[in-house]
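Engineer: Sharing a model prediction with you, sequence too.
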Amino acid sequence: MPPKAKYTREEIINAAVDLAAERGIKVLTARELGAALGTSSRLIFTAFKNMEEVLTEVRKAALERFEVYARRAMDFTPVYKELGVQMILFAVEQPKLYRLLFMTEKPEAQNFDDVFVNLGDMATLSVEVIQRDYDLSYENAKLLFKSCG
């Protein structure tokens, strides 16, 4: 039976996102993550198959941090304009996470629809608020989102 993990997956992911936010995604290695947790790099592989799995979870967690900013826009009209303001604020306050989410190439993203899916709930929400605030069809709102993004 494998040894009991000293840290949960969530704790490891949180430490990884903090490390990426502070020092950048390129610094995120098993060795650096282990050091940040005060343990060896082996710990990482008791909770994850490989570092690619860790990086996938870090991207998801970084997107969740961005969503905190984006949710603030819901109290404004037009919402979509404030979403842009919140995105800029996120870029200023969390530049390394912004770079990770919005400025790194994603080889799996071959077209806009792939990028749209990678943005998750925020892309869908953006299109919905454009649709509502500007009285557009879903297709036209998505086209506007694509043009402005």
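Structural biologist: Received the coordinates, thanks.

Engineer: in this protein, which segments are predicted with low confidence?
Structural biologist: Across the chain, the ranges flagged by pLDDT under 70 are 1-5, 105-112, 114-116, 118, 149.

Engineer: other SSEs contacting the longest helix seen in the chain?
Structural biologist: Using DSSP state H, we find that the single longest helix of the chain is helix 51-72. On a contact count with 3 or more C-beta pairs under 8 Å, 6 or more residues apart in numbering; DSSP states H and E, helix 51-72 meets helix 9-23, helix 30-37, helix 79-93, helix 95-102, helix 121-134. To be clear about C-beta, it is placed using only N, CA and C from the backbone, and glycine gets the same treatment.

Engineer: Could I get the buried residue list for the next helix or strand after the second one?
Structural biologist: Next in sequence after helix 30-37, counting helices and strands by DSSP states H and E, comes helix 44-47. Neighbour counts over helix 44-47 (16 or more other C-beta atoms under 10 Å) mark 44-45, 47 as buried.

Engineer: Which one of those residues is nearest to Asp133?
Structural biologist: Ala47 (42.4 Å; C-beta to C-beta).

Engineer: Check the gap between Ala70 and Leu19 for me.
Structural biologist: Here Ala70 is placed at a distance of 23 Å from Leu19 (C-beta to C-beta, to the nearest Å).

Engineer: I meant Leu37, not that one.
Structural biologist: Applying C-beta to C-beta to Leu37 and Leu19 gives a distance of 9 Å.
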